[in-house]
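Novice: I need the structure of the sequence given here:
(chains A and B)
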2 protein chains.
Amino acid sequence: MAASEHALAIVGGGPAGLTAGIYAARDRLDTVLLEAKPLTGGQIVFTDVVENYPGFPEPLSGAELMDKMRKQAERFDLQIATAEIGTVRAQGDKYLLAGDKADYLAQAVIVATGTESQKLGVPGEEEFWGAGVSTCATCDGPLYRDKPVAVVGGGDSAVKEAVYLTKFASKVYVIHRRDRLRAEKIIQEVALANEKVEFVWDTVVTEMAGKDGLEALKLKHVKTGAESEVAVDCVFLYVGVRPNTDLVKGLVELDERGLIVTDDDMRTSAPGIFAAGDCRSKKLKQVATAVGEGAVAAYSAQEYITGGPYGGG
Amino acid sequence: MAASEHALAIVGGGPAGLTAGIYAARDRLDTVLLEAKPLTGGQIVFTDVVENYPGFPEPLSGAELMDKMRKQAERFDLQIATAEIGTVRAQGDKYLLAGDKADYLAQAVIVATGTESQKLGVPGEEEFWGAGVSTCATCDGPLYRDKPVAVVGGGDSAVKEAVYLTKFASKVYVIHRRDRLRAEKIIQEVALANEKVEFVWDTVVTEMAGKDGLEALKLKHVKTGAESEVAVDCVFLYVGVRPNTDLVKGLVELDERGLIVTDDDMRTSAPGIFAAGDCRSKKLKQVATAVGEGAVAAYSAQEYITGGPYGGG
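Specialist: Here you go, the predicted model:
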C-alpha cells in the first residue's frame, strides 16, 4: 500500500487539530488532517453549553462551535481524511503514519489526539453525557449555581474540583467507592473542612436518572449493598483519563500520565513531531488553550518544514 | 486617594485581557479590568479582516470580534474601568496599581497591555491602517494572493516576513532607508536569492496613496532626493515594536526587547503578577494565542489568590 505524501500531517480533528489545520492550510502548506471518525470535532462536541470560548456572547453547543471551525478550515481547502492512525514511526527523514485504511508519509506531524475520559458504564450515563454528566468543573461548574451536584472519584482532581464547585453549587456530594481518599493530604483537609462538601463513602453510582435532564443518582453501598438516591443536577466524573497517545509511545517523551511533553513552541522530544491540545502535558484543558496551541504548533511545523527561521522560500 | 480593592486586577482590554476577565468573572473572582481608553479592544481592532481566529467561518473585523468578547465578559458581570496604569508596585502582600484617575489595590495582577507598532508618520498611514497597512504578515499576508506588496524595514523580522510573503504575493518590495540590511546573514541570503523579492535601498516612504484602498507608495531616495512611486496593495511595517511594559519595569523580568518573561503558567518573576498576550516574550502573536494565554493566566491567578492547588474554599 503506497503511502500518500504530504508536508504536514495533523492527527485529530478537535479544536487543536482544526486550528492547526486552519493555520497550515491558510499558509499554503501541503497538509492533511486525519481523524478517526468523520466529523468528530473532539471531546467538546459532547458538551451542550460552551459559554467561555472567547468571541461568543451567547452560549453555543460544542458541536456548533466545531462545525464552525470545520467550515473555516474547509474555506482554506484543508484536506480532511478519515483514518485511524495506529502508529507514527520515523522513515528516513520523514514520518510514516500507519492507518487502518491507508498510510501517510509526512515531513512533520502534529499530534492533537486528545484524551478520553473514563466512564462509569451505568444506565443513563450516555443519555446525559454533556448535559448533566461532565468531566470538566471549570467548563460546566458555573452552569450550576445554587444547585446540588456530585463528584465521583477520590483522587486529587476529584477532591480539588469538588472544592472548586462549592463556589457555585448549593451542595457537592463526593461519591467514592472506598472509605478514604487518594487525594493529597492538604487537598483533603480543605475539602473536609468545607461545609458544602459531603462525602459519600464506600459507594458507587448504579444509575443516572431524570426526565429532561439529570435529576438523581442511584447509589449502592459496596459493603452493605444498601441502595439509596441523591438528587443532583449534574455529576462530574473524575475517575480517570486515558490520553490517546499510544500512536507515539516510544517515539516521543510522555509524562507519568502518558501525556506528551512539549516545549513552549509545541515541539516534542522527536524533531518534526509537535503536539497540541488535551493530549499535551499541561494544566488547563480548554478550547481557548487548544486553539492557541494549535496555532503555535502549525507555526513551528512550518518553520521545521521550510528549514529555517522564515516561513517561505 | 483611597485605592479601590479587588482580588484580581487585569490591565489591558484586548483579547488576552478580556479572556482572562471572562474566565475570572465566570469563576466569581472579584476582578476589575482596567483599560487606558474606553472600548479599546487592543491592536486587533485596527484590523479590517480577521479570518484565522477559530470559530468564524466568515471573516469579521477585529472591532466586531472584540465587541463580541466584551459583551461576553459583561454577561459574566466583569467590572471594566477606564484607567491608565502608570506603575504597579508591591504594597505589603498586595500590589498597588497607580492610575491616572484612581489607584487600585489587588492580590494578583494580570498584565495584558500588548505592544504598539511604530508608525512611519506619513500621510495616508492612518487612513489605510488595518486595511492596506499591516504589522503582521501571518495575519494579513494570505489576503494578498497574486498582488504586489511592500515591506518597510531592514531587520530580521522585515526580511524574514518578506520571504514569507512571497508565498502569496506576486512581488515583494523591501524598502529600507539604508544601503544594507541589519538582518542575520542567513536570512539575508534567502531573501536576496528569492526572485520575487526586490530591494529598494536608501529609500523612505513619504506617502501612502489610494482611493478605496491602498494603491501606491510614494518614495524618496535619501541620498539623491529623487522621488518615485511603487504600486502595492498592502504595506507591511517592520520598523519596530514598543512593548507596553513600562508599568512593571523593575518589578518583573523583561527580555532584551522589553517583553515580559513568563513560565508555561503565565507566571512572571514576581509572585502574583501574571502576563498574557503580545506583551509577553513569545514567538507567535495571534488572537488565538492571546485567548489561550488569557485563560491560563486567569486560572493561575485564581490558584495564587486562593492559596493552593484548588480553585475555591
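Novice: Give the closest residue to the residue of chain A found nearest chain B in space, chain neighbours not counted.
Specialist: Relative to chain B, the nearest point of chain A is residue A:292 (2.4 Å; C-beta to the nearest C-beta). Backbone N, C-alpha and C define where each C-beta goes, glycine included. In this structure, residue A:292 finds its nearest non-sequential neighbour in residue B:292, 2.4 Å apart by C-beta to C-beta, 6 or more residues apart in numbering or on different chains.
Novice: residues touching the closest residue to residue A:241 other than its chain neighbours, list them.
Specialist: Excluding its sequence neighbours, the residue lying closest to residue A:241 (C-beta to C-beta, 6+ apart) is residue A:115, at 4.9 Å. By C-beta atoms under 8 Å, 6 or more residues apart in numbering or on different chains, residue A:115 lies in contact with A:43, A:241, A:242, A:243, A:244, A:259, A:278, A:279, A:285.
Novice: For residue A:115, give the beta-bridge partners.
Specialist: residue A:243 (DSSP bridges).
Novice: For burial, what's the neighbour tally of residue A:89?
Specialist: Other residues near residue A:89 come to 12 when the count uses other C-beta atoms under 10 Å in any protein chain shown.
Novice: That one looks like it's in a helix, true?
Specialist: No. Counting by DSSP: H, G, I helix; E, B strand; the rest coil, residue A:89 is not found in a helix; it is strand.
Novice: ok, it touching residue A:98?
Specialist: Yes. With contacts counted by C-beta atoms under 8 Å, residue A:89 reaches residue A:98, the gap being 7.3 Å.
Novice: coming back round to it: if I look at the residue nearest to residue A:241, how far off is residue B:88?
Specialist: Distance, residue A:115 to residue B:88, by C-beta to C-beta, to the nearest Å: 37 Å.
Novice: can you list the weak-confidence ranges in the stretch 1-150 of chain A?
Specialist: For the stretch 1-150 of chain A, the stretches flagged by pLDDT under 70 are A:1.
Novice: repeat that for 90
Specialist: Residues of the stretch 1-150 of chain A meeting the criterion pLDDT under 90: A:1-3, A:37-40, A:46-48, A:101, A:117, A:138.
Novice: Send me the longest helix along chain A as CSV with only the CA atoms.
Specialist: Counting residues, the longest helix found in chain A (DSSP state H) is helix A:287-306. The C-alpha trace of helix A:287-306 is given here as CSV (Å, rounded to 0.1, in the frame of the first residue of the first chain):
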residue,chain,number,x,y,z
VAL,A,287,-11.0,25.2,23.8
ALA,A,288,-9.3,28.6,24.3
THR,A,289,-6.0,26.9,25.2
ALA,A,290,-6.3,24.3,22.5
VAL,A,291,-6.7,26.8,19.7
GLY,A,292,-3.6,28.8,20.9
GLU,A,293,-1.6,25.6,21.0
GLY,A,294,-2.8,24.5,17.6
ALA,A,295,-1.8,27.9,16.1
VAL,A,296,1.7,27.7,17.6
ALA,A,297,2.1,24.0,16.5
ALA,A,298,1.3,24.9,12.9
TYR,A,299,3.8,27.8,13.0
SER,A,300,6.5,25.6,14.5
ALA,A,301,5.8,22.8,12.0
GLN,A,302,6.0,25.3,9.1
GLU,A,303,9.4,26.6,10.5
TYR,A,304,10.6,23.0,10.7
ILE,A,305,9.5,22.1,7.2
THR,A,306,10.9,25.2,5.5
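Novice: Go through it and flag the buried ones.
Specialist: Residues of helix A:287-306 classed as buried: A:287-306 (neighbour count, 16 or more other C-beta atoms under 10 Å in any protein chain shown).
Novice: and the gap between residue A:125 and residue A:119?
Specialist: Distance of residue A:125 to residue A:119, given as C-beta to C-beta: 6 Å.
Novice: And the two? Which one has more around it.
Specialist: Legend: neighbour count by other C-beta under 10 Å for residue A:125 and residue A:119, higher for residue A:125 (18 against 14).
Novice: ok, that one touching residue A:208?
Specialist: Yes. If you go by C-beta under 8 Å, residue A:125 and residue A:208 touch, sitting 5.5 Å apart.
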